[in-house]
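[1] Got a sequence here, can you build the structure:
(2 chains)
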Amino acid sequence: MAHIRLPEGLQGIRAAMAFRPETAKPLNDLVEVLLHAPNSLTPGERELIATYVSSQNDCYFCQTVHGAIAAAHLDGDEDLVRCVKTDFLNAGISEKLKALLGIAGKVQKGGKLVTSADVEAARKGGATDVEIHDTVLIAAAFCMYNRYVDGLDTWQPHDEELYRQRGKKTAKEGYVTMSKEYLPQQEHTTQGA
Amino acid sequence: MPHIALPDELPGISSAFAFRPETAAPMRELAHVLLHEPNSLSGGERELIATYVSSLNECFFCQTSHGAAAACHLGSSETVKQVRTDFEHAPISEKLKRLLVIAGQVQSSGKNVTPSAVRAAREQGATDMEIHDTVLIAAAFCMYNRYVDGLATMQPRDESMYAQMGSHLARNGYRTPSVLQAPGVVLTPDAP
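    Numbers count the residues shown, from 1 in each chain, chains lettered A, B, ... in the order given. Purely as a prediction, here's the structure:
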């Protein structure tokens, strides 16, 4: 049972967001920019970073739903997602993404652990400053989302198919659009009286 | 030196915000709702939670600027210092002490929050909303701290700059920049 009385029937972060729509809005806006908005890193690459950090933080809900979104972006390749979580150095991904995952792993443990050599390695793989910035911020942000989801002890049903379907939809529509499924909608002024 | 080419006249998170305004907007808004909007927890109490978590994460910029904001709200920098080092003996409410315990658990991992810590906070009068906000403030500062240190931003040791930032944050919140230029920085014309 969750630590506080969250709306029933909503999984993971959805319950927390529905409980507090005022903070849900910037939380959704941030993840939309980081993972869904146009970027020189593909959505699949960015979702893999989010999935990897969530798996390092051992957050079941986040690693499963973002793993499903990543797979949806990567032609359904769930094996690749699994490989990135367990042994990314031997996964079928670019050298650049491997170096960025190295940075993300450092950020997960502590911001101070990122070294100039880590950043240099990413640059050698062709990473730009914005890509390095976004990697650091995606990793940092998932250290927040993961703690939010687990720190409230939200309901996280183990149902792969649920996340697979939601992953496909989120990959297509993005986070802000999806949030309309569970956030209370502002009433239309025309509905008064 | 920062790991990437951040605007060099700005300190800490301000330089990262200026580098990437698209992510700065929701990050500012989140801090504003959590720390500055009306809440049953006072501005001082919420800034103390932010300061405590930042100090556990050893982020100099965040613990000093939010410590200054807390001091401004509370009118005492002594209390802020004590909360960072030994909050159980600080002159703060029992409720806030129990919320700081939860914040410390979140800082190490969300999974470390125990039902007994939540019960103890409730026994001191904490509401579900206050427990929620404590968890999210602690989680959010695990992000802000990693962002500031993960980019190796410039973090001046000049206390007066932080006092100024703190008073801006306590008065105006987080939607607008709290610092326009780091002290001692001479602006040079843009490099070609």
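[2] Return the backbone torsion pair for the closest residue to A:Leu6 other than its chain neighbours.
    In space, and not counting its chain neighbours, A:Leu6 is closest to A:Ala15: 3.9 Å by C-beta to C-beta, 6 or more residues apart in numbering or on different chains. For every residue, glycine as well, the C-beta is placed using N, CA and C. Main-chain torsions, A:Ala15, degrees, to the nearest 10: phi -70, psi -40.
[3] and A:Ile138, what pLDDT?
    Listed pLDDT for A:Ile138 reads 99.
[4] Distance check, it against B:Ser14.
    A:Ile138 sits 20 Å away from B:Ser14, going by C-beta to C-beta, to the nearest Å.
[5] Next: A:Leu48.
    In terms of C-beta to C-beta, A:Leu48 sits 30 Å off from B:Ser14.
[6] In the host helix or strand of B:Gly166, which residues are buried?
    Using DSSP states H and E, B:Gly166 sits in helix B:159-172. Using 16 or more other C-beta atoms under 10 Å in any protein chain shown as the test for burial, helix B:159-172 gives B:Met161, B:Tyr162, B:Ala163, B:Gln164, B:Met165, B:Gly166, B:Ser167, B:His168, B:Leu169, B:Ala170.
[7] I figured the fourth one was touching B:Val179, is that so?
    Yes. In this structure, B:Gln164 is within contact of B:Val179 by C-beta atoms under 8 Å, at 7.3 Å.
[8] And the strands in chain A?
    Counting by DSSP state E, chain A forms no strands at all.
[9] Tell me which stretches of chain A form helices.
    Using DSSP state H, the helices of chain A run over A:13-19, A:21-31, A:43-56, A:60-73, A:78-87, A:95-109, A:116-124, A:129-151, A:160-173, A:175-178.
[10] count of residues packed around residue 110?
    Going with chain A. Other residues lying near A:Gly110 total 17 when counted by other C-beta atoms under 10 Å in any protein chain shown.
[11] that's the wrong chain, I meant chain B
    27.
[12] now do B:Phe17
    19.
[13] how about it, what does it touch?
    B:Ala24, B:Met27, B:Arg28, B:Pro177 (C-beta atoms under 8 Å, 6 or more residues apart in numbering or on different chains).
[14] ok, so of those, who is nearest A:Pro38?
    If you rank the contacts of B:Phe17 by distance to A:Pro38 using C-beta to C-beta, B:Ala24 comes first, at 17.6 Å.
[15] Which residue comes closest to that closest one once chain neighbours are left out?
    B:Ala24 sits nearest to B:Phe17 (C-beta to C-beta, 6+ apart), 3.6 Å away.
[16] Tell me the secondary structure of the one you found, please.
    Here B:Phe17 is recorded as helix under DSSP: H, G, I helix; E, B strand; the rest coil.
[17] Can you tell me how far it is from B:Ser93?
    The value you get for B:Phe17 to B:Ser93, if C-beta to C-beta is used, is 33 Å.
[18] Tell me which residues touch B:Tyr147, please.
    Counting by C-beta under 8 Å, 6+ apart, B:Tyr147 makes contact with A:Gly111, A:Val136, A:Leu137, A:Ala140, B:Ile13, B:Ala16.
[19] Kindly report the same for B:Arg175.
    Contacts of B:Arg175 by C-beta under 8 Å, 6+ apart are B:Arg28, B:Glu29, B:His32.
[20] Buried among those? Make that a PyMOL selection.
    A single PyMOL command selects the buried members of those (16+ other C-beta under 10 Å):
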select buried, chain B and resi 28+29+32
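[21] Low-confidence ranges, chain B, go.
    B:182-192 (pLDDT under 70).
[22] so where do the helices sit in chain B?
    B:12-19, B:21-31, B:43-56, B:60-74, B:77-86, B:94-108, B:115-123, B:128-150, B:159-172.
[23] who wins for proximity to A:Ala121 among these?
    Checked against C-beta to C-beta, the stretch from these lying closest is helix B:128-150, at 15.3 Å.
[24] And the pLDDT at the residue nearest to A:Leu6?
    98.
[25] The residue most central in space within chain A: what's its closest spatial neighbour, skipping adjacent residues?
    Geometric centre of chain A, nearest residue: A:Ala50, 4.2 Å, by C-alpha atoms, centre = their mean. Spatial nearest neighbour of A:Ala50, chain neighbours left out: A:His66 (4.5 Å); criterion: C-beta to C-beta, 6+ apart.
[26] Surely the one you found touches A:Asn57?
    No. The pair A:His66 / A:Asn57 is not scored as a contact, 11.6 Å apart, by C-beta under 8 Å.
[27] Looking at these two, which one has more neighbours?
    A:His66 (29 against 22).
[28] mind listing what the more buried one touches?
    Contacts of A:His66 by C-beta under 8 Å, 6+ apart are A:Glu47, A:Ala50, A:Thr51, A:Ser54.
[29] want to try JSON lines for these, with pLDDT as columns?
    Shown next, in JSON lines, are the contacts of A:His66 (pLDDT from 0 to 100):
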{"residue": "A:Glu47", "pLDDT": "98"}
{"residue": "A:Ala50", "pLDDT": "98"}
{"residue": "A:Thr51", "pLDDT": "98"}
{"residue": "A:Ser54", "pLDDT": "98"}
